[in-house]
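Enquirer: sharing a sequence plus its predicted fold:
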Number of protein chains: 2
Amino acid sequence: MVSYHPDLDLIPVEDVLAALGNPVRLFIVRELAASTQPRTCGSLPVSVTKATATHHWRVLRESGVTRERREGRTKVVELRRAELDERFPGLLATILAASPPRASDGPPA
Amino acid sequence: MVSYHPDLDLIPVEDVLAALGNPVRLFIVRELAASTQPRTCGSLPVSVTKATATHHWRVLRESGVTRERREGRTKVVELRRAELDERFPGLLATILAASPPRASDGPPA
DNA sequence: TCGATCGTACGCAATTCTTCGTACAATCAA
DNA sequence: TTGATTGTACGAAGAATTGCGTACGATCGA
């Protein structure tokens, strides 16, 4: 359960964008951002199985978006807010501020 | 050569992030942002073949990032800057402002 | 009209991503 | 110690992405 956390200076912005460009992961990030406290992985109501969630947490961690640490049986996840904001000023805030789409989505058939 | 341009109000932010989360496409967007004038597709020095470039232009167009129009033999591409900034305030600017990674990239082997 | 140019469409291969089930390790509570 | 909880590792399937070559349509200039 010990994990790799990259130096954010080495992360290109497209890696962060790709990490957040997935609905499950963006949902996780929004949940984390909405909590003042760090959250355990199990407390995040994701729509996928545990195995799949593990995959998404790894993507977020390896792109520098989140930090994880063990705490007893659980794993605590939190956003690397300050570091992200120093590396990519304003990015997280503008993404979190984005409103949901207006209505029926997608290109015409 | 006539193409579909989505209503940006219907685009979720993760679609834009996914579109920009690719090095070829982010490069294209940076080139477009650096020009005051719209550019033709052929004038963008991309590292892939024409066929692949066509694919990336479509992704950018269908995610609402660019607009295309025919002009004689060529296709003119431009960013939908104002619309993007209204839909996702500050997003494009913060992404374009992101500095490149400091040096040797990637996780340890 | 003929040739060159610009981009698309199609089909295909290789790779990556997303998802899951199952088995397992680590930890805690009883 | 035993059983429950939390999350990982591994293997696999299916889907999506990325990339290319080739053939083609549209347009322009000579």
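Expert: Cool, got the structure.
Enquirer: C-alpha only now, for contacts and for neighbours.
Expert: Will do.
Enquirer: can you say which helix or strand has residue A:77 in it?
Expert: strand A:74-79 (DSSP states H and E).
Enquirer: how about the residue most central in space within chain A, nearest residue that isn't a chain neighbour?
Expert: The residue lying closest to the centre of chain A (C-alpha atoms, centre = their mean) is residue A:29, at 3.8 Å. The shortest distance from residue A:29 to any non-neighbouring residue, by C-alpha to C-alpha, 6 or more residues apart in numbering or on different chains, is to residue A:79 (7.4 Å).
Enquirer: ok, now which ones touch that neighbour?
Expert: A:29, A:32-33, A:65-67 (C-alpha atoms under 8 Å, 6 or more residues apart in numbering or on different chains).
Enquirer: can you show me the strands along chain A?
Expert: Along chain A, counting by DSSP state E, strands occupy A:39-40, A:66-71, A:74-79.
Enquirer: how about the contacts made by residue A:92?
Expert: Here residue A:92 is in contact with A:81, A:84-85 (C-alpha under 8 Å, 6+ apart).
Enquirer: any of these buried? List them.
Expert: residue A:84 (16 or more other C-alpha atoms under 10 Å in any protein chain shown).
Enquirer: contacts only, for residue A:39.
Expert: By C-alpha under 8 Å, 6+ apart, the neighbours of residue A:39 are A:32, A:76-78.
Enquirer: when you check DNA strand D, which of the residues you listed turn up near it?
Expert: residue A:76 (C-alpha under 7 Å from any atom of the strand).
Enquirer: so what touches stretch A:44-64?
Expert: Contacts of stretch A:44-64 (C-alpha under 8 Å, 6+ apart): A:4-8, A:11, A:15-16, A:19-20, A:24-25, A:27-28, A:31, A:66-68, A:80, A:84, B:107.
Enquirer: can you check stretch A:7-19 too?
Expert: A:25, A:59-60, A:63-65, A:83-84, A:87-88, B:17-18, B:20-23, B:26, B:95, B:98-106.
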